[in-house]
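[1] with the sequence up front, the predicted model follows.
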Amino acid sequence: MMRTPIYDFLTEYKIKKTARFHMPGHKGRGPIELSDITPYDITEITNADFLFDSSDSGIISESEKNASSLFNSALTVYSTEGSTLAIKTMLFLITKGKNRKVLAARNVHKAFINACALIDIDVDWLYPEQSLKSICTMKLSVSDLEKALSAYKKDELPSAVYITTPDYLGNMLDVKGLSGVCKKYDIPLLVDNAHGAYLNFLKDNLHPLNLGADMCCDSAHKTLPCLTGGAYLHISNHAKNEFKNRADVKEATQIFATTSPSYLILESLDLCNRIISDKEYKDKLNKICIRVKKLKAEIMALGFDVINSPDTEPLKLVLLTKNLGIDGKELLSTLEKRGIFCEYADISAVVLMISPENNEDDFNALLLALKEIKSATETTVTDRIGDEDIFIQRTERKLSIREALFSKAETVPIDKALGRICALPVSICPPCIPLVISGEVFDQNTINLLKRYSIFSVNVVQCD
Ligand SMILES: Cc1ncc(COP(=O)(O)O)c(C=O)c1O
């Protein structure tokens, strides 16, 4: 069984019943409702290690090495501040001392935009031919990437290619093919794999590290049994050696991170290693994937559309609502009234995230609710979903992300935004994918798009 050095240390500390003259202020005693967990919540006392310590010994370093062996990485470091911190760190590592330009597929999470503003990264955006057919998804083919990279002069190539896969709807890109193109141009491939930590444990390993990514972030908390905030930054075995230095990675992480990382989260990452290293977890995971396939078929038999393509990850269930004549948000609140709480909904879809911890009771409750909703909507189908053609399109950009975000700005009603430059990125969360990015100019399509998402005021750069 895999060792759990952080948990073991904290358990021993809890049993010792010491006088705690250190942070946190609860001293392991309360609030009473949390008294099961507060004894495990400490600070960097003697022998508790320090998350940003670059030395190779200590309980955190041992636990990170366990994670690294599970993901078959050259180096894995923990984040207690989600993939958000890991994204900043990857981008810093990849651009330090280099051209601060990154080529990125447009459906990035807001964390990427904030990191670019902080590090002053110039982004060349990859867009699909027409427009994004959903705010969450961007299909990027091997030939799209080849075409984009071949258009650069050799000495102007970006320092990295950055993609998001799986996306919020579960779509997955061809990481193997895309990494092949990156290798040809000698450019690292960075993957936002926030939604895909579990892909490493499927029968066919679909984790980006296994498919050729050089670095990636995984939000352990999104799909693995880990507390919210727990995440990994992985450096792959085939990344260049210059990126594999533990001290450099730790240095880069601490630039952006709190100096008070949560030991509860570290402990949950540590215990998570023990669970996911167990064969029983892999069996449970593969069983649940089969169950979700069947669940999708059962839901389709009720008359619902679900995303069911082989390019999607197995544990996202996406209900498409267009043919129901209701929008996703309406379906979401109807489900909530029946005790079913989902991850996300937008105009045309509701997203449910499933893990091996879900059980038959959950699935039966969902099926029952959907059955009731279907029979209720059949009598009230209306044609309220329109404007299918309004999606994110390439727009004029007048300032860099950093310049725009740090500019003097003002908030204006959306109808007054035409021709103005976006200061703060505009997104709905989740999925936190910016509809407009700092530095871009508001055009009529963008304004229509924002209204469609009920956004009626925006932050723009002040005119002189
Ligand atoms: C695609 C994507 N990337 C990054 C993040 C940020 O992850 P975290 O919440 O772990 O910081 C999210 C969060 O939802 C996400 O959906």
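    Noted; the coordinates are in hand. Numbers count the residues shown, from 1 in each chain.

[2] for the residue in the stretch 51-200 of the chain positioned nearest to the ligand, which non-adjacent residue is spatially closest?
    Residue nearest to the ligand within the stretch 51-200 of the chain: Gly82 (2.3 Å; C-beta to the nearest ligand atom). Where C-beta positions appear, they are placed from N, C-alpha and C, glycine not excepted. Nearest residue to Gly82, sequence neighbours excluded (C-beta to C-beta, 6 or more residues apart in numbering): Ala231, at 4.9 Å.

[3] contacting residues around the one you found?
    Applying C-beta atoms under 8 Å, 6 or more residues apart in numbering to Ala231 gives the contacts 78-83, 85-86, 194, 217-221.

[4] number of residues surrounding the residue of the stretch 51-200 of the chain closest to the ligand?
    The number of residues packed near Gly82 is 20, by other C-beta atoms under 10 Å.

[5] which members of the contacts of Ala231 are positioned in strands?
    Among those, DSSP state E puts 78-79, 217-218 in strands.

[6] and the strands in the stretch 251-400 of the chain?
    With DSSP state E, counting those that start in this stretch as the criterion, the stretch 251-400 of the chain has strands at 305-306, 316-320, 344-345, 349-353.

[7] what of the stretch 1-150 of the chain?
    Counting by DSSP E, counting those that start in this stretch, the stretch 1-150 of the chain has strands at residues 75-79, 101-105, 122-126.

[8] number of residues surrounding the closest residue to Asp311 other than its chain neighbours?
    With sequence-adjacent residues excluded and distances taken as C-beta to C-beta, 6+ apart, Asp311 is closest to Met172, at 5.5 Å. Residue crowding around Met172 was assessed by other C-beta under 10 Å; the count is 20.

[9] do Glu156 as well
    Neighbours of Glu156 (other C-beta under 10 Å): 10.

[10] tell me which residue is most central in the chain.
    Ala194 (3.2 Å; C-alpha atoms, centre = their mean).

[11] quick check: bridge partners of the residue nearest to Gly82?
    Ala231 has these beta-bridge partners by DSSP bridges: Ser79.

[12] among the strands of the stretch 251-400 of the chain, which is nearest Gly25?
    Closest to Gly25 of these is strand 349-353 (C-beta to C-beta; 34.2 Å).

[13] quick one: strands adjacent to that closest one?
    When DSSP bridges is applied, strand 349-353 pairs with strand 316-320 (antiparallel), strand 344-345 (antiparallel).

[14] distance to Asn445 added to those strands, as a markdown table?
    Shown next, in a markdown table, are the strands paired with strand 349-353 (distance: least, C-beta to C-beta, whole Å):
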| stretch | distance to Asn445 |
| --- | --- |
| strand 316-320 | 23 |
| strand 344-345 | 23 |
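
[15] any idea which of those strands scores lowest on pLDDT?
    When the strands paired with strand 349-353 are compared by mean pLDDT, strand 344-345 comes last with a mean of 92.

[16] residues of the protein that sit close to the ligand?
    Residues of the chain lying close to the ligand by C-beta under 6 Å from any ligand atom are 82-84, 109, 111, 164, 168, 192, 194-195, 219, 231, 430-432.

[17] one more time with 5 Å, if that's ok
    82-84, 109, 111, 192, 194, 219, 231 (C-beta under 5 Å from any ligand atom).

[18] ok, which pair from those residues is furthest apart?
    The widest separation within those (C-beta to C-beta) is 12.4 Å, between His109 and Ala231.

[19] residue ranges with poor pLDDT in this protein?
    Scanning the chain for pLDDT under 70 picks out 129-132, 378-390.

[20] name the member of the contacts of Ala231 that has the highest neighbour count.
    Ranked by neighbour count (other C-beta under 10 Å), the contacts of Ala231 have Asp218 at the top, with 32 neighbours.

[21] residues contacting Gln462?
    Going by C-beta under 8 Å, 6+ apart, the list of residues near Gln462 reads 407-410.

[22] inside strands: which ones of those residues?
    409-410.

[23] for the stretch 51-200 of the chain, which segments count as helices?
    Remark: helices assigned in the stretch 51-200 of the chain by DSSP state H, counting those that start in this stretch are 59-71, 82-95, 110-119, 142-150, 175-184.
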